[in-house]
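Trainee: Coordinates for the following, if possible.
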Amino acid sequence: MTERHDPLRMEYGTHDAGLRLLRQSPPAGAASASITYVGPAGTGFDPAGGEGIARMVARLATCAAGPFGRVALARELDRAGATLTSQIAPESAEITIWGPAAGWESLLELLSHAVLRPRFDPEDIERVQRQLLESQLRELTQPAHRAERELFRAIFPTGHPYRETGWGSARSVGGIDRGRLVRFHSEHYTAEGGVLVATIPAPLKRLERASARWRGHFARARAPSSLRPRPVLGHRVVREVEMAGRSQTEVHVGGPSIARSREEFPAAFLANEVLGGRPLLSRLFQDIRERAGLAYHASSDLEAMRLGGYWIAQAGTNPRSARRVAALLIGEVDRMGNELVRARELDQIRESAIGEMALSLETTPTAHELAVDLAYHDLPADYWLGWPSTLRALRPRSIREAAALALDGRRAATVLAGPLA
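Mentor: Numbering: from 1, shown residues only. So this is what the prediction gives:
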């Protein structure tokens, strides 16, 4: 891969409105481009009594914007061969457009309408409110969703930005009107605190000129007040949620974790991959599902954000095995922080993770995800170029120490949701 077409070679730029820019080369031969705006508009910013508003604003931004109503925008995207999507997390919201590389400037123009000028038409508000009510029902009635909801509430105290999933309640969502949507949008879709990430076949200077059209269109230049995390759980706790009529019980074990900026993050990343992040290879899959035959699925996740993060080890099992599986999950987590990983096991997991990164560079959307992650966390432009070397330099002792810090089973909550024998 030539340097010109290397997606790992990224460069930062500036925008005179205060918006940060990041430009990435598409993979060699790629025919598509992706552009994302990331702003401080995540579910952690939901006001008390207005839970669900961050998700509503993000969804409505992709429905109708600028001169385009819902049908008109859908037809405009169809003519452009483009898709417009949103994604939400506790700290941020993302609006992404994807389409033909040759028309990236037209894509940027359509994205600007969604980010800067969402319409919030009444019929769209009603439709998105119904969608959120359906999601709330799924969260309460599906064991996996219910387990995750209760786990966050067990780990994080009231008022913590990571505590709620952002779906809200029937009451909170029903009380969100157009005025509240407009106000949230103007306060959180800002230039300061935001970043525009473009995977395009054009130089940075051209992106800077094209994005100059955004100047003066942000309702508010300054970013909202920062989220304020609160002290979290300091001891183990178990919660059981009886859900009769279901055939499977979901077991979630998790706790607070470290921020992405911590120097221990690469080692913590590998520790999670060994624990349950690598499909088929990881300990949870091999020990609980394959050898013991106790779970339909078993895996783990590490979510490291700006303020902090959380980890989750999860499995779906027969109700009669639920408490045994919970004990096994905790046991594997404790083992990560107490024992050295075998060199052969570590090498296998590490090379698998490095190989997966190479696969992500084959398409524009997956390569773009690396750029968005880098830009949001304000990592050095060459961060991903050095990632394989960073992982290969880690030794078993570093993995154990990072696991004890970032996957601390002593501070874990356990939730069993489903039929309980």
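
Trainee: now the strands for this structure?
Mentor: Remark: strands assigned in the chain by DSSP state E are 10-13, 20-24, 32-39, 83-88, 93-100, 195-199, 237-242, 249-257, 295-304, 309-317, 413-418.

Trainee: what angle separates the longest one from strand 249-257?
Mentor: Using axes from the mean of the first three to the mean of the last three C-alpha atoms, to 10 degrees, one finds that strand 295-304 and strand 249-257 are set 20 degrees apart in direction.

Trainee: which helices and strands does strand 295-304 pack with?
Mentor: Applying 3 or more C-beta pairs under 8 Å, 6 or more residues apart in numbering; DSSP states H and E, one finds that strand 295-304 contacts strand 249-257, helix 265-272, strand 309-317. C-beta here means a position set from N, CA and C on the backbone, and glycine is covered the same way.

Trainee: now do 10 Å
Mentor: Contacts defined by 3 or more C-beta pairs under 10 Å, 6 or more residues apart in numbering; DSSP states H and E place strand 295-304 against strand 249-257, helix 265-272, strand 309-317, helix 322-338.

Trainee: Could you export these to TSV, including columns for mean neighbour count, mean pLDDT and distance to residue 407?
Mentor: Formatted as TSV, the helices and strands packed on strand 295-304 follow (neighbours: other C-beta atoms under 10 Å; pLDDT from 0 to 100; distance: least, C-beta to C-beta, whole Å):
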stretch	mean neighbour count	mean pLDDT	distance to residue 407
strand 249-257	27	97	7
helix 265-272	24	98	6
strand 309-317	25	97	5
helix 322-338	20	97	6
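
Trainee: Of the ones you listed, which is nearest residue 175?
Mentor: Nearest to residue 175 among the helices and strands packed on strand 295-304 is strand 309-317 (28.7 Å), distances taken as C-beta to C-beta.

Trainee: Which neighbours in the sheet does the closest one have, and how are they oriented?
Mentor: Under the criterion DSSP bridges, strand 309-317 sits next to strand 249-257 (antiparallel), strand 295-304 (antiparallel) in its sheet.

Trainee: how about those in TSV, adding distance to residue 349?
Mentor: Output for those, formatted as TSV (distance: least, C-beta to C-beta, whole Å):
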stretch	distance to residue 349
strand 249-257	19
strand 295-304	12
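
Trainee: beta partners for residue 257?
Mentor: With DSSP bridges as the criterion, residue 257 is bridged to residue 309.

Trainee: Residue 81 reaches residue 97, doesn't it?
Mentor: No - in this structure, residue 81 is not within contact of residue 97 by C-beta atoms under 10 Å, at 11.1 Å.

Trainee: which residues do these two both contact?
Mentor: residue 107 (C-beta atoms under 10 Å, 6 or more residues apart in numbering).

Trainee: neighbour count winner among these two?
Mentor: Using other C-beta atoms under 10 Å, the more surrounded residue of residue 81 and residue 97 is residue 97, with 26 against 12.

Trainee: Who are the contact partners of that one?
Mentor: By C-beta under 10 Å, 6+ apart, residue 97 lies in contact with 33-37, 62, 77, 80, 82-85, 104, 106-112, 114-115.

Trainee: I'd like to know which of those are buried.
Mentor: Taking 16 or more other C-beta atoms under 10 Å as the criterion, what is buried in these is 33-37, 62, 77, 80, 82, 84, 104, 106-112, 114-115.

Trainee: Check what pLDDT the closest residue to residue 350 other than its chain neighbours gets.
Mentor: Leaving aside its sequence neighbours, residue 350 sits nearest to residue 391 (C-beta to C-beta, 6 or more residues apart in numbering; 5.4 Å). Reading off the confidence values, residue 391 has pLDDT 98.

Trainee: isn't residue 391 right up against residue 265?
Mentor: No - Residue 391 lies out of contact with residue 265 (C-beta under 10 Å); the separation is 11.2 Å.

Trainee: so what's the residue nearest to residue 350 up against?
Mentor: By C-beta under 10 Å, 6+ apart, the contact set of residue 391 is 266-267, 269-270, 273, 346, 349-351, 353-354, 357.

Trainee: how about the CA coordinates for stretch 129-147, as CSV?
Mentor: What follows is stretch 129-147, C-alpha atoms only, in CSV (Å, rounded to 0.1, in the frame of the first residue of the first chain):
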residue,chain,number,x,y,z
GLN,A,129,-41.1,9.1,20.1
ARG,A,130,-42.9,5.8,19.1
GLN,A,131,-39.6,4.2,18.2
LEU,A,132,-38.1,5.1,21.6
LEU,A,133,-41.1,3.7,23.3
GLU,A,134,-40.6,0.4,21.4
SER,A,135,-37.0,0.4,22.4
GLN,A,136,-37.9,0.9,26.1
LEU,A,137,-40.2,-2.1,25.9
ARG,A,138,-37.5,-4.2,24.5
GLU,A,139,-35.1,-3.0,27.2
LEU,A,140,-37.5,-4.1,29.9
THR,A,141,-38.7,-7.4,28.3
GLN,A,142,-35.5,-8.9,26.7
PRO,A,143,-33.1,-10.5,29.1
ALA,A,144,-29.9,-9.3,27.4
HIS,A,145,-31.1,-5.7,27.3
ARG,A,146,-32.5,-5.8,30.8
ALA,A,147,-29.3,-7.2,32.2
